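**Q** structure for the following, please:
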Amino acid sequence: MTGLIPADAVAIGFGAFLGALSRYQAGRLAAEWIASDPSRYGKFTGWHTAGINMGGSFLLGGITASPVVNGPSPTVAATAKSAAASPRRLLPASFQGLSPRTKLMMGVGFCGSYTTFSTYSVDVVTWLQQGKTGKALSYVATNNIGGFVAAAAGMVIAKKLFG
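**A** The predicted model follows:
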């Protein structure tokens, strides 16, 4: 096993920084929205985590299914030829995929810190301890099934985008 490449560590750290800030901002906005009318929106407390987790699963699915590109961008002639070979491609021919480092930054870094299994777990245990079994079980189903469906949708869309 080789050591961590410093440029990869920086990419992961930068992605994690952006993901953590995005997660914080999404949680803050959800809390403010709920606090604006607790009698009306209080039932949504904690559910923003499910939305974040499903959104992150969708994004990670798309990142995972995107082709890996190495080295310099291909020539215009090569990209035009590959675009002609794939008429179902939805992205410009000049965009071929993501570099391995970009995948690390977006997948491990951003999605890793944006999504939150720990908060999800604490929410479930808290609701079970409060006797809110139905809420806890529907939350588990929403996070798990919704996350799987979102990841699959992200993968399907990425494959369609790249042809």
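**Q** which non-adjacent residue is nearest the residue most central in space within the chain?
**A** Nearest to the mean C-alpha position of the chain, by Cα atoms, centre = their mean, lies residue 56 at 2.3 Å. Leaving out its chain neighbours, the residue that sits closest to residue 56 by Cβ to Cβ, 6 or more residues apart in numbering is residue 115, at 3.5 Å. Where C-beta positions appear, they are placed from N, C-alpha and C, glycine not excepted.
**Q** next: residue 142.
**A** Leaving aside its sequence neighbours, residue 142 sits nearest to residue 50 (Cβ to Cβ, 6+ apart; 4.9 Å).
**Q** by contact count, what packs against the helix or strand harbouring that neighbour?
**A** Element membership of residue 50 [criterion: DSSP states H and E] is helix 47-65. Packing contacts for helix 47-65, counted by 3 or more Cβ pairs under 8 Å, 6 or more residues apart in numbering; DSSP states H and E, involve helix 6-36, helix 112-114, helix 117-129, helix 133-162.
**Q** quick one: distance of that helix to the chain centre.
**A** Between the mean C-alpha location of helix 47-65 and the chain-wide mean there is a distance of 4 Å, by Cα atoms, centre = their mean, to the nearest Å.
**Q** repeat for stretch 142-150
**A** 12 Å.
**Q** what residues does it touch?
**A** When contacts are taken as Cβ atoms under 8 Å, 6 or more residues apart in numbering, the neighbours of stretch 142-150 outside the stretch itself are 47, 49-50, 53-55, 57-58, 61, 120.
**Q** of all pairs in these, which one is the farthest apart?
**A** Considering Cβ to Cβ, no two members of these lie farther apart than 47 and 61, which are separated by 21.2 Å.
**Q** more neighbours: which of those two?
**A** Under the criterion of other Cβ atoms under 10 Å, the comparison of residue 47 against residue 61 puts residue 61 first, with 24 against 17.
**Q** which parts of stretch 59-70 are buried?
**A** Buried residues in stretch 59-70, defined by neighbour count with 16 or more other Cβ atoms under 10 Å: 59-66, 69.
**Q** now tabulate those residues in a markdown table and tack on pLDDT and distance to residue 130.
**A** Formatted as a markdown table, the entries for the buried residues of stretch 59-70 read as follows, by pLDDT from 0 to 100; distance: Cβ to Cβ, whole Å:
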| residue | pLDDT | distance to residue 130 |
| --- | --- | --- |
| 59 | 98 | 32 |
| 60 | 98 | 31 |
| 61 | 98 | 33 |
| 62 | 97 | 36 |
| 63 | 97 | 36 |
| 64 | 97 | 36 |
| 65 | 96 | 39 |
| 66 | 95 | 41 |
| 69 | 92 | 49 |
